[in-house]
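> The following block contains a protein sequence and its predicted model.
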Amino acid sequence: MNEKENKGGNNDEPNKKFSIWDLPDVPMGQLPPHLQLQKTRVVCKADAPIHTDNISYSGAYASIGVDNSVHLDLFRDNFKVNVIRLTKEDMEFDMIGIDPALANAFRRILISEVPTMAIEKVLIAYNTSVVQDEVLAHRLGLVPLKADPRLFEYLSANDTPNEKNTIVFKLHATCKRGERRTVYSEELKWLPKGSELIKEAGQADSKPTTYTSFTCSQDMLPEFSEDPISPSEDKIILAKLGSKQEIELEAHAVKGLGKTHAKWSPVATAWYRMLPEVLLLEDVEDEVAEELVRRCPDKVFDIEDIGHGKKRATVARPRDCRLCRECVRGEGWEERVELRRVKDHFIFTVESTGVLPPEVLFTEAVKILEEKCERVISELS
Amino acid sequence: CCSRVSYERDTKIINAASFIIEREEHTIGNIVRMQLHLDENVLFAGYKLPHPLQYKIIIRIHTTSQSSPMQAYNLAINDLDKELDHLRSAFEDEIANYSSTREY
C-alpha cells in the first residue's frame, strides 16, 4: 500500500499530475535540440535541402511552453554586423540575426532601386565607323559614370535639361589613313558648361540655342572641381576605327533606376548566401579521410595526425563551402558528413561598378527601404 | 510617383482586412508580411501580387479581438522602421570601426 501511494511527493492526492518541467535537468523555456536544429538550420541533404521554412509564428511552440515571439529589443540584442573585406570596388560583410525577407529586400534594392547616372541621349554628328549609330549609343549607355547621383535630380519628359539634371560628354575620335585604332572610354570628355551642339533654329534671327540650357558651369560645385566627372573605368572599348573613319558625338547622361534599364544599376551584382556549417557525424579516418579531402574542391576539410600513424579528417574552413555536395554524394557518405546552413546569418557581397563605394551603396539601400516603409504606412486610424 | 494604400474590410470575417498598395512589389510585401508574423495578435498575414503585369500588392491580415488589422499593420511598419534605423547605425559603426582599424 505504501509503495502505491508514494509517488515521490505528497500522498494526499492519489493522481498527482507529473510535469516534465519539474525534473531538474530539463531546461525550461528552451527547445529540445532536434527542434532547435529545425528552427535555426537548413540541412542540405544530397538530393534536396530540408527545414527550409522560417518558423516565425509567435505561438509555434506554445504547446511545450516556449515563446517564439521576437520583440524589437530582442532584435537589437541579437543583431550583429561584421565586415570581412572592404575595398573601393567591393565589399563582403556578414549580417547576423535578420530574416531572409530583409536580406532579399536589400539585394533587390541594391540591384534595381539605387539611382545612378548613365548616358541616355546620344546626339551623333558624324559616324563613319563600322559600329552602327544605335550600337554605339547602346554601348555608351552601359558605361558606368563616376558621378554622385545624390547631387542630381531626375529629368522628366517636360523638363529642360540643365546643370542639375544632365551631364554632357563629348567624344571625337578620328583614325589616320592606313592605321587602325580602338576608341576607349577615357576619350569621353566631360563638358561642364553643357552642350556645344547647336540646334537648328526655326527663325533665322534668333540666338543659336544648344540642346541643354546650363545656367552655370558644373565645375563651380566643389565636388566636381576637385574630382571631375568621368567614366569610372578608362579602358572600356567603345568602338574600333579603321583608316580615315571618324566618330563625333555628344552624350547626355541622366539619373535613373536599375528597374528601368540595367545601365542604371550601381552594382555589378550583389548577392548573399547563408553561413555554411559542415559537421562530421562520425570519426573519419585514414583512407576515408584522404578521400574526403580529395573530394572537396573548396578545401573545406583537412587531415590531422592523431598519433600512432592514424589520420583523421577535420573541418578546417566551413565558410568556403559552396554546396557542391561532393562530400555527400555516393554510398554511405551522408552518414559521415552533414552540410548545413545557418538560417539567420547572411554573408553579403556587394560589387560596385565604381559609381559609389560599396558601403555607401548599402547605406543608400537601407535609406531607400526606410522611405518605402514610410510611404506604405496608412494614415487612417 | 508615390504609392497609395487602400483598405478594404472583410464583410464575412471579423477583424480581417486587405490593404491594397499601389506601386510596390515583393521588396516591401515580403518584409511587411514577415514583420506581421512576429506580432502575437495576428492570426493570418499574407501578401500577393494579383498579376505580374499589374504593379500592386494585396496584404491580407486577420487579427484577434485584442487588435485590429489597421493597428497591426501600422505597428508592423513602425517596428520595421525602428529595426532599419538600428541596422543602419550598426552597419555604419562597423564600417567606421573597420576603416579605423585598417589605418595603422
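Ah, there it is.
> Tell me the spacing between the residue nearest the centre of chain B and chain A.
What sits nearest the mean C-alpha location of chain B, by Cα atoms, centre = their mean, is B:Val32, with 1.9 Å. Distance, B:Val32 to chain A, using Cβ to the nearest Cβ, to the nearest Å: 7 Å. All C-beta atoms are positioned from the backbone trio N, CA, C, and that covers glycine.
> Sketch out the helices for chain B, chain order is fine.
For chain B, helices defined by DSSP state H occupy the ranges B:26-37, B:69-102.
> Tell me which residues touch the residue nearest to B:Asp10 when sequence neighbours are not counted, please.
Among residues not flanking B:Asp10 along the chain, B:Ala16 sits closest, at 3.9 Å (Cβ to Cβ, 6 or more residues apart in numbering or on different chains). Shown in contact with B:Ala16 (Cβ atoms under 8 Å, 6 or more residues apart in numbering or on different chains): B:9-10, B:44, B:60-63, B:69.
> which of these are buried?
B:60-63, B:69 (16 or more other Cβ atoms under 10 Å in any protein chain shown).
> Specify the beta-bridge partners of the residue nearest to B:Asp10.
Judged by DSSP bridges, the bridge partners of B:Ala16 are B:His62.
> Model confidence for it, exactly?
At B:Ala16, the model reports a pLDDT of 94.
> quick one: it from B:Ala45, how far?
Distance of B:Ala16 to B:Ala45, given as Cβ to Cβ, to the nearest Å: 11 Å.
> Now do the shared contacts for the two.
Residues within reach of B:Ala16 and of B:Ala45 at once, by Cβ under 8 Å, 6+ apart, are B:60-62.
> would TSV of those with pLDDT and distance to B:Ile20 be doable?
Listed next are the shared contacts of B:Ala16 and B:Ala45 as TSV, based on pLDDT from 0 to 100; distance: Cβ to Cβ, whole Å:
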residue	pLDDT	distance to B:Ile20
B:Arg60	94	10
B:Ile61	94	12
B:His62	93	16
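> from the residues you listed, which is closest to A:Glu179?
B:Arg60 (68.1 Å; Cβ to Cβ).
> wait, that closest one sits on B:Gly46?
Yes - at 5.4 Å, B:Arg60 counts as touching B:Gly46 under the criterion of Cβ atoms under 8 Å.
> then stretch B:10-17 to PDB, C-alphas only?
Output of stretch B:10-17 as PDB, limited to C-alpha atoms (Å, rounded to 0.1, in the frame of the first residue of the first chain):
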ATOM      1  CA  ASP B  10     -13.700  41.800 -45.000                       C
ATOM      2  CA  THR B  11     -17.500  41.600 -44.700                       C
ATOM      3  CA  LYS B  12     -17.700  38.000 -43.700                       C
ATOM      4  CA  ILE B  13     -14.900  37.600 -41.100                       C
ATOM      5  CA  ILE B  14     -14.500  39.800 -38.100                       C
ATOM      6  CA  ASN B  15     -11.200  41.700 -37.600                       C
ATOM      7  CA  ALA B  16     -10.000  40.900 -41.100                       C
ATOM      8  CA  ALA B  17      -8.900  43.300 -43.800                       C
END
